[in-house]
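1. Predicted model and sequence follow; I will ask about them next.
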Amino acid sequence: MARESFDKEIQLLRMLVLTSGAYSRQQFAERLGISVHTFDKTLKRLKEIVSATYGQLPEEQGKDLAEMLRFSYYDSTDPLLLFLFRAKSLKESECDRISLLLAALNGQALTAIELLDICCGSLPSDLPLPDEKTVRGDLKYLEEVGVIVKEPGPRPYRYRVHDGLIRNLSDEELCDLYDFVDVMTNTQVPSVQGYLLREALKKQVVRNSGGKTAPEPFLYKYHYYSRILDEAHLFTLLGAIRSRRKIRFLYFSPKAEKSYASKNTNPLFEREAEGRLESTVPLRIVYDHQYGRWYLLSHGREGIRKYRLEGMTQIEANESVEAEFFESKRRELEEKTRNSWLIDTGRPITVRARFYNPGDGQANFIMERVLLQGQWGRIAEEDDDSFVYEIDVNGTTEIKPWLRSFGSSCEVLEPVSLRRELIAEWREIQAYYESV
C-alpha cells in the first residue's frame with residue numbers, strides 16, 4: 001500500500017463510521033473526490049485486510065465492510081478500525097521479505113548474508129529477489145522499531161529477535177504486564193502502539209497456557225474512532241517537531257465539501273486539488289479529551305496556525321529550520337496559549353460562573369468536578385448553597401461546552417455576552433419541548 005492510499009483509506013473509514021454506511025457508492029466517491037471505480041478498489045482492499053485480520057468473524061459479517069462497521073463497531077470492546085494499522089503501508093514484496101527475516105531469526109542469531117541466502121531460497125518465484133543492500137535496509141528498519149537487536153561482537157554483525165523481556169518473565173508476571181498494558185492502552189493517549197503491544201502479549205499468554213484463553217479482567221467501551229485514525233499521522237508529526245523540520249500537506253477543513261483528493265501523478269489528467277496546500281513549521285500537538293480530536297499548532301506565513309489532524313493528507317517533511325528560530329516561535333506559541341482552555345489564541349477574558357451545590361446532604365460532586373477539570377481557575381466566593389468560580393481564558397468558545405454541561409447547576413455571571421449566548425441556547429432547547 002502506498003502512502004497516498006493510506007490517507008484515502010483513513011478518510012474512507014472515517015466516513016463509513018460517521019454515516020453508518022448510509023451513503024451510496026456515488027455519494028462516497030463525490031465526498032472523497034475520487035471516481036466510483038477507485039472507491040470500489042479501495043473498499044475491496046479494505047475488505048481483504050478485514051478478512052485477513054478478523055477471520056474469526058461470522059461469515060455474514062465478513063461479507064460487507066460497511067455492515068460490519070455499522071452493526072459490530074460499537075458492540076466491540078476493541079477498536080475495529082485498528083486493522084488499518086495492522087495492514088501497514090508496505091508493499092506485498094516487503095511484507096513477505098520481512099516475514100521471512102523474522103521467521104529465520106526466531107530462536108537464532110544470523111548475519112545479513114545468511115539472511116540474504118534464506119530470502120533468495122524461500123521467496124515465491126513471482127517476487128523479485130532482494131540484494132544485500134535491500135536486506136540490510138530491512139534489518140536497519142527492524143532494529144529501529146525495536147523488533148530485532150544487534151548482538152555484541154566483531155563483524156559480521158549477527159541479529160536476533162528482541163524478545164528477551166517476554167521470554168524471561170514468568171506466566172504470572174506476563175499476565176500482570178498484559179493487565180497493565182490493557183489498562184494504560186484504554187485510558188491514555190496515544191493508544192495504537194499500546195493496542196498492538198497488548199495483542200502481542202495476549203498471544204504470548206495464550207501460547208504459554210497451551211491455547212487456553214483466560215477471562216478478561218477489564219472491559220472497555222471505545223468510542224473515539226477519529227482518535228485511532230488520526231494516530232496514523234501522529235508520529236510523523238512528532239518526528240518533524242523533534243527534528244525541527246517544515247512540513248507540507250494538503251488540508252481539508254471540517255467545513256470543506258470534500259475530505260480527500262488523489263495525488264496528481266499523471267500530467268495529462270492533472271486537476272486542481274480541492275484542499276489547501278499548506279507549508280508550516282509544526283510546534284505542538286494537542287489532544288482534546290472532550291471530543292477525541294487531535295490538533296496541530298504550527299507557525300506559517302500568517303503566524304500561529306491550528307489544524308485538525310483529521311483533515312491533513314499527503315504529509316511530507318521538508319527542510320529543517322534554525323534552532324533559534326524554532327525556539328522563538330515555540331516561546332511565542334507558549335505566550336499566546338498561556339490562557340487557552342485548549343488551543344484558542346484569542347483575546348484573554350475573565351469568566352465568572354456560579355455553581356450550585358447539590359442539596360439534602362449529598363456529596364458535593366459539583367465542586368469536586370470543578371476542582372478536577374477547572375484547570376487554573378479559582379473559587380472566589382463560597383457559601384452553603386453555591387460557590388463562584390473565576391478563570392482567565394482566551395475567548396469563551398472552548399470553555400462554553402464545559403460550562404453548559406453542568407446544566408442547571410451552573411449560572412454564568414460574566415461576561416455578559418457569554419451569559420446572553422447561553423440564555424438564547426437554553427431558550428431554543430426549551431422551545432423544542434413545548435407542548436404540541
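-> That came through, no problem.

2. so what are the domain limits for the chain?
-> As recorded under automatic domain parsing, the domains making up the chain are 3-74, 92-162, 166-208, 225-263+272-336, 348-432.

3. which residues of the stretch 1-150 of the chain fall in helices?
-> Secondary structure of the stretch 1-150 of the chain (DSSP state H, counting those that start in this stretch): helices at 3-19, 25-32, 36-53, 59-62, 65-72, 83-87, 92-105, 112-122, 132-144.

4. Quick one: list the elements packing against the longest one.
-> With contacts defined as 3 or more CB pairs under 8 Å, 6 or more residues apart in numbering; DSSP states H and E, the packing partners of helix 36-53 are helix 3-19, helix 25-32, helix 65-72, helix 83-87. Placement of C-beta: from N, CA and C, glycine included.

5. How about stretch 293-313, which residues are buried there?
-> Of the residues in stretch 293-313, those buried under the neighbour-count criterion (16 or more other CB atoms under 10 Å) are 293-299, 304-305, 307-313.

6. That stretch - what's its average pLDDT?
-> Along stretch 293-313, the predicted local confidence has a mean pLDDT of 91.

7. ends of it, how far apart?
-> 16 Å (CA to CA, to the nearest Å).

8. shaky segments in the stretch 101-250 of the chain?
-> Low-confidence segments of the stretch 101-250 of the chain (pLDDT under 70): 221-223.

9. Would you map the strands across it?
-> 110-111, 148-150, 158-161, 245-251 (DSSP state E, counting those that start in this stretch).

10. Of the buried residues of stretch 293-313, which is the nearest to residue 231?
-> When these are compared for distance to residue 231 (CB to CB), residue 294 comes out closest, at 7.7 Å.

11. Can you classify the closest one as helix, strand or coil?
-> Using DSSP: H, G, I helix; E, B strand; the rest coil, the secondary structure recorded for residue 294 is strand.

12. What of residue 381?
-> With three-state DSSP as the basis, residue 381 sits in strand.

13. so who does it touch?
-> When the contact criterion is CB atoms under 8 Å, 6 or more residues apart in numbering, the partners of residue 381 are 387-388.

14. The same query, at a cut-off of 6 Å, please.
-> Listed by CB atoms under 6 Å, 6 or more residues apart in numbering, the contact partners of residue 381 are residue 388.

15. which residue sits closest to residue 322, ignoring its sequence neighbours?
-> Ranked by CB to CB, 6 or more residues apart in numbering and with sequence neighbours excluded, the top spatial neighbour of residue 322 is residue 244, at 7.9 Å.

16. same question, residue 129
-> Leaving aside its chain neighbours, residue 129 sits nearest to residue 120 (5.2 Å; criterion: CB to CB, 6+ apart).

17. Let me know the secondary structure of residue 316.
-> Here residue 316 is strand, with the state taken from three-state DSSP.

18. pretty sure it contacts residue 250?
-> No: with contact defined as CB atoms under 6 Å, residue 316 and residue 250 do not form a contacting pair (9.8 Å).

19. the more surrounded of the two?
-> The residue with the greater number of neighbours, taking residue 316 and residue 250 and applying other CB atoms under 10 Å, is residue 250; the counts read 20 against 14.

20. which residues does that one bridge with?
-> residue 277, residue 313 (DSSP bridges).

21. so it sits right up against residue 315, yeah?
-> No: contact criterion CB under 6 Å: residue 250 and residue 315 do not qualify, at 8.7 Å.

22. Touching both of these two, which residues are there?
-> If you check residue 250 and residue 315 against CB under 6 Å, 6+ apart, no residue is contacted by both.

23. residue contacts, the nearest residue to residue 106 once chain neighbours are set aside?
-> When the adjacent residues along the chain are set aside, residue 106 lies closest to residue 161, with 5.7 Å between them (CB to CB, 6+ apart). Each residue near residue 161 by CB under 6 Å, 6+ apart is listed here: 105-106, 148.

24. looking at the domains of the chain, which is closest to residue 215?
-> domain 166-208 (11.5 Å).

25. looking at this, residue 387 is in a helix?
-> No: the assignment for residue 387 by three-state DSSP gives strand, which leaves it out of any helix.

26. what's across from it in the sheet?
-> According to DSSP bridges, the partner residues bridging residue 387 are residue 355, residue 382.

27. most tightly surrounded among the helices of the stretch 1-150 of the chain?
-> Per residue and on average, the most neighbours among the helices of the stretch 1-150 of the chain fall to helix 3-19, with a mean of 20 (mean count of other CB atoms under 10 Å).

28. about what we covered before: comparing the helices of the stretch 1-150 of the chain by mean pLDDT, which bottoms out?
-> Sorting the helices of the stretch 1-150 of the chain by mean pLDDT places helix 59-62 lowest, at a mean of 45.

29. Do I have it right that residue 251 meets residue 309?
-> No: Residue 251 is not in contact with residue 309 according to CB under 6 Å; the separation is 10.2 Å.

30. ok, and the closest non-adjacent residue to residue 32?
-> Leaving out its chain neighbours, the residue that sits closest to residue 32 by CB to CB, 6+ apart is residue 260, at 4.6 Å.

31. Assign that neighbour to helix, strand or coil.
-> Taken by three-state DSSP, the conformation at residue 260 corresponds to coil.

32. ok, now which ones touch it?
-> The contact partners of residue 260, by CB under 6 Å, 6+ apart, come to 8, 11, 32-33.

33. where do the strands sit along the stretch 301-436 of the chain?
-> When assigned using DSSP E, counting those that start in this stretch, the strands of the stretch 301-436 of the chain occupy the ranges 303-308, 312-320, 348-356, 378-382, 386-394, 410-414.

34. Residue 431: which of the buried residues of stretch 293-313 is nearest?
-> Ranked by distance to residue 431 (CB to CB), those are led by residue 293 at 30.0 Å.

35. Now for the closest one: which residues touch it?
-> Counting by CB under 6 Å, 6+ apart, residue 293 touches no other residue.

36. Just grab the bridge partners of it for me.
-> Beta-bridge pairing of residue 293 under DSSP bridges involves residue 288.

37. any idea how far it is from residue 343?
-> 10 Å (CB to CB, to the nearest Å).

38. Please apply the same query to residue 336.
-> Residue 336 sits at a distance of 10 Å from residue 343 (criterion: CB to CB).

39. Can you read off the pLDDT for residue 368?
-> At residue 368, the predicted lDDT confidence score is 93.

40. scratch that, residue 407
-> Per the predicted model, pLDDT is 91 at residue 407.

41. and it, what is it in contact with?
-> Residues counted as contacts of residue 407 (CB under 6 Å, 6+ apart): none.

42. so how far is residue 389 from it?
-> 15 Å.

43. now residue 379
-> According to CB to CB, residue 379 stands 6 Å off from residue 389.

44. what do you get for residue 309?
-> From residue 309 over to residue 389 the distance is 32 Å, taken as CB to CB.

45. so residue 244 sits right up against residue 319, yeah?
-> No: taking contacts as CB under 6 Å, residue 244 lies outside contact range of residue 319: 9.9 Å.

46. Cool, thanks, signing off.
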